[in-house]
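Asker: need the 3D shape of this:
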Amino acid sequence: MCIRDRGIAAQGTDLFMGEATFTSPHEIRVDSELLRGKQFVIATGTVPFIPDIEGLAETGYITNVEAVSLPDLPKRLVVIGGGPIGLEFAQMFSRFGVHVTVLEREMQPLPREDTELAMALCSQLRAEGIRLVFGSEMRCGENNKRGKYIHIRDEDGKEETLLTDQILVAVGRRPALDKLNLEAAGVRYTEKGIPTKATLRTNVPHIWAAGDITSPYQFSHVASAQGTLVAHNVFAKKAQAFDERFIPWVTFTDPELARVGLSETDLVEAKIEYRVGRADFNKLDRAIANNQTFGSVKLLADADGKLLGGHILGANAGDLIAPVVYAMRFGLTVKMLAAAMLPYPTMPEAVRWDLKRPRAVHPE
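Answerer: As a prediction, this is how the structure comes out:
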């Protein structure tokens, strides 16, 4: 059904509400209407990924979509997944008074993050009463009046049965491509999404893709930037490439965990020599005055002072990562960061290079 919204129509756009399916490279059907086009942009986003866990479907579960519209709070909640969404929701429910247990198959939570800071965040979550279980295999059991049963086995083979009122699945998301019939359009895709060139063009020259279905960085700001770029490229004589070198992201727990660029693990695996500059918030006057002393800033740079990555654990880390993003984006060195005068006392004073005791790391 075509919706004639005045605001959208004024921009020369018709809005069709319904399920879209390609019937050929230049045709797409939306319910009963067949539409033709010279160019197409696919930006269907993602849906929650549901892991293959024995008994999960029969026991019943919710995702982040249902979690924010529950009629009542559960007394007990098991979160499957120790990534950003899992930990964010775990802390939220815990602060509402829910007894929360997080189950993660891997040995480390937040695998994209700095290992040291990720584990420090987990220590803080445990201090709040959230139980975190890593390296666990699981299967779901019966569901009765007492609750839902989950059987887990840890890395040492120890078995345990958990009883919970609700199970929240938060192990990631997958591309929403099931109904598009991309085969009819000739568009190549995988279970991870639609591969594109740097300009966001697919293997079919007149079909483009943007957002979570094509980027490994499934964040709103990345999707927005790609949407802006693809809108330009569709009509431009010369398409521009999407620059994903300096993409920041934040895990919105309390404290927040923010990152941009490479991690120490990335640098060690690539055998790149680097230096570490660190500032702990418990030594920063503004943090002491605000009683926000937990956490630290970690900056990584090469031997010439070029910033390779920045990691921040602490209050408002998502805001504090901004100067690091700018510095990396526009080629500022750590000496330039250190030379800038900042007002005292403020939190951004921590986002500077510690020139007194930088630690050099030489990967073997």
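
Asker: so where do the helices sit in the stretch 101-250 of the chain?
Answerer: Per DSSP state H, counting those that start in this stretch, the stretch 101-250 of the chain carries helices over the ranges 115-127, 182-185, 220-235.

Asker: need the CA coordinates for the last one. PDB is fine.
Answerer: Extracted in PDB, the C-alpha atoms of helix 220-235 (Å, rounded to 0.1, in the frame of the first residue of the first chain):
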ATOM      1  CA  SER A 220      23.300   3.100  14.600                       C
ATOM      2  CA  HIS A 221      26.000   5.700  13.900                       C
ATOM      3  CA  VAL A 222      27.600   3.400  11.300                       C
ATOM      4  CA  ALA A 223      24.300   2.700   9.600                       C
ATOM      5  CA  SER A 224      23.500   6.400   9.600                       C
ATOM      6  CA  ALA A 225      26.800   7.300   8.000                       C
ATOM      7  CA  GLN A 226      26.500   4.500   5.400                       C
ATOM      8  CA  GLY A 227      23.000   5.600   4.600                       C
ATOM      9  CA  THR A 228      24.200   9.200   3.900                       C
ATOM     10  CA  LEU A 229      27.000   7.900   1.800                       C
ATOM     11  CA  VAL A 230      24.900   5.500  -0.300                       C
ATOM     12  CA  ALA A 231      22.300   8.200  -0.900                       C
ATOM     13  CA  HIS A 232      25.200  10.300  -2.400                       C
ATOM     14  CA  ASN A 233      26.700   7.400  -4.400                       C
ATOM     15  CA  VAL A 234      23.500   6.400  -6.000                       C
ATOM     16  CA  PHE A 235      23.300   9.700  -7.800                       C
END
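
Asker: what's in contact with that helix?
Answerer: By CB atoms under 8 Å, 6 or more residues apart in numbering, the list of residues contacting helix 220-235 from outside reads 39, 41, 43, 45, 199-201, 208-212, 214-215, 239-240, 242, 244, 247. Glycine gets a C-beta too; all of them are placed from N, C-alpha and C.

Asker: repeat that for 7 Å
Answerer: Helix 220-235 has contacts (CB atoms under 7 Å, 6 or more residues apart in numbering) with 39, 41, 43, 199-200, 208, 210-212, 215, 239-240, 242, 247.

Asker: stretch 28-37 now?
Answerer: Contacts for stretch 28-37 (CB under 7 Å, 6+ apart): 16, 18-23, 26-27.

Asker: swap in 10 Å and give it another go.
Answerer: Stretch 28-37 has contacts (CB atoms under 10 Å, 6 or more residues apart in numbering) with 1-2, 14, 16-27, 40, 180-181, 184-185, 206-207.
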